[in-house]
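>>> Just the structure for this:
(2 chains)
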There are 2 protein chains.
Amino acid sequence: MKDAAVEAGEVSKGKVPRKGMKRGLSILDFVLRIFAGVATLASAVAMGTTQERLPFATQFVQFRAEFDDLPSFVFFVLANSIVCGYLVLSLILSIFHIVRTTAVKSRILLIILDVAMMSLVTAAASAAAAIVYIAHYGNPNANWFAICQQYNSFCERISGSLVGSFIAVAVFVILIIISAVSVSRQ
Amino acid sequence: MKDAAVEAGEVSKGKVPRKGMKRGLSILDFVLRIFAGVATLASAVAMGTTQERLPFATQFVQFRAEFDDLPSFVFFVLANSIVCGYLVLSLILSIFHIVRTTAVKSRILLIILDVAMMSLVTAAASAAAAIVYIAHYGNPNANWFAICQQYNSFCERISGSLVGSFIAVAVFVILIIISAVSVSRQ
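Sure thing, here's the model as predicted:
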């Protein structure tokens, strides 16, 4: 009995642990995709529902701030929504990789799409961050005022909504590394 | 003679073309790295040397614009310089891959570093682009004025310097795809 077990172990050595590792990586990939999807969805919703109306007004001016006053924030909401949709769809491929650990071409397809989506969400997060910075501190050289001095809650929301997006960027880096490692273990 | 040649061809079939393709990809990788390095260097220099002094002044105010008046542009110059330096250093690994086409671990290292550097240059380019947009069109909702109405040549330079950075982003996408394909061809 013992001999047989050892023999079986020897035959499968180098195949089973590698397959197990690849399946483990695929499951990690799946979990991370859900995590990043939730993060981008939260970012998009938090930014997309931001508005503030100040409790006072003059006869001619009503003090009101909305996220679509600034084009970078509109891009931010769009990009995060697109990436969230992509992450949900990519779960199909991720499940396929859990089942078929030897697939290579679909993993490369996933790397290509992940890289494209990572650029998109990085671009959106950075552009929004640049505008949030100006909203907070203004720029005396260009005579741009810090609107956050008036719109406190608006600024808190737009700053907070960046977090999810940057988390998604970090997760994408990990996802691409996981895919690259999986592809190399043939 | 003819038989021997056919035999040699048969023996090496499936090895030589694959090796040749991997070497071709490595050479393409090398050329693209030089190209992206030049693009980021051009971006950094173009942005870093931008300044404009208007030909008139009041008694108290001198009208002068420099790239480091805006923090996003400082980040842009720094990030492009770092990425340019990385691209030059990565040529060593790229040459190593042309010589040793079977290397796998170093290719994965290169994918990881490329992904990190791509995020950096994408973030810098987008943040700068968001600010350039406001400089051009201003934002009436936030009372930010379009400074480009005064600083024409300054705005032309900062807009132009974005191009190199976005070219680098596109090249990084291609580089990562090349590496992923190379890794998969074991």
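>>> CA only for contacts and neighbour counts going forward, please
Will do.
>>> Now for residue A:79, how many residues are close by?
22 (other CA atoms under 10 Å in any protein chain shown).
>>> mind checking which helix or strand it is in?
Assessed by DSSP states H and E, residue A:79 sits inside helix A:71-99.
>>> ditto for residue A:119
helix A:105-137.
>>> In terms of secondary structure, what does whichever helix or strand comes after that helix contact?
Note on helix A:105-137: by DSSP H and E, the next helix or strand toward the C-terminus is helix A:152-184. With contacts defined as 3 or more CA pairs under 8 Å, 6 or more residues apart in numbering or on different chains; DSSP states H and E, helix A:152-184 has these neighbours: helix A:16-48, strand A:51-57, helix A:105-137, helix B:105-137, helix B:152-184.
>>> Report the buried residues of the helix holding residue A:119.
A:107-108, A:110-115, A:117-136 (16 or more other CA atoms under 10 Å in any protein chain shown).
>>> Compute the inter-axis angle for it and helix A:71-99.
Angle, helix A:105-137 to helix A:71-99, by axes from the mean of the first three to the mean of the last three CA atoms, to 10 degrees: 150 degrees.
>>> relative to helix A:16-48, how tilted is helix A:105-137?
30 degrees.
>>> Give me the helices and strands touching helix A:105-137, please.
So helix A:105-137, by 3+ CA pairs under 8 Å, 6+ apart, packs with helix A:71-99, helix A:152-184, helix B:105-137, helix B:152-184.
>>> The third one: how far from the chain's middle?
Mean-position distance between helix B:105-137 and its chain equals 8 Å (CA atoms, centre = their mean, to the nearest Å).
>>> Ok, the last one next?
How far helix B:152-184 lies from its chain's middle: 4 Å, per CA atoms, centre = their mean.
>>> and the angle from it to helix A:105-137?
150 degrees.
>>> list the buried ones in helix B:152-184?
Here helix B:152-184 shows B:154-155, B:157-159, B:161-166, B:168-169, B:171-184 as buried, counting by 16+ other CA under 10 Å.
>>> quick one: average confidence on it?
Per-residue pLDDT over helix B:152-184 has a mean of 90.
>>> quick check: angle from that helix to strand B:51-57?
Using the same axes, to 10 degrees, helix B:152-184 lies at 170 degrees relative to strand B:51-57.
>>> Next one: residue A:94 from residue B:185, what distance?
21 Å (CA to CA, to the nearest Å).
>>> who's more crowded, those two?
Between residue A:94 and residue B:185, residue A:94 has the larger neighbour count (other CA under 10 Å), namely 22 against 16.
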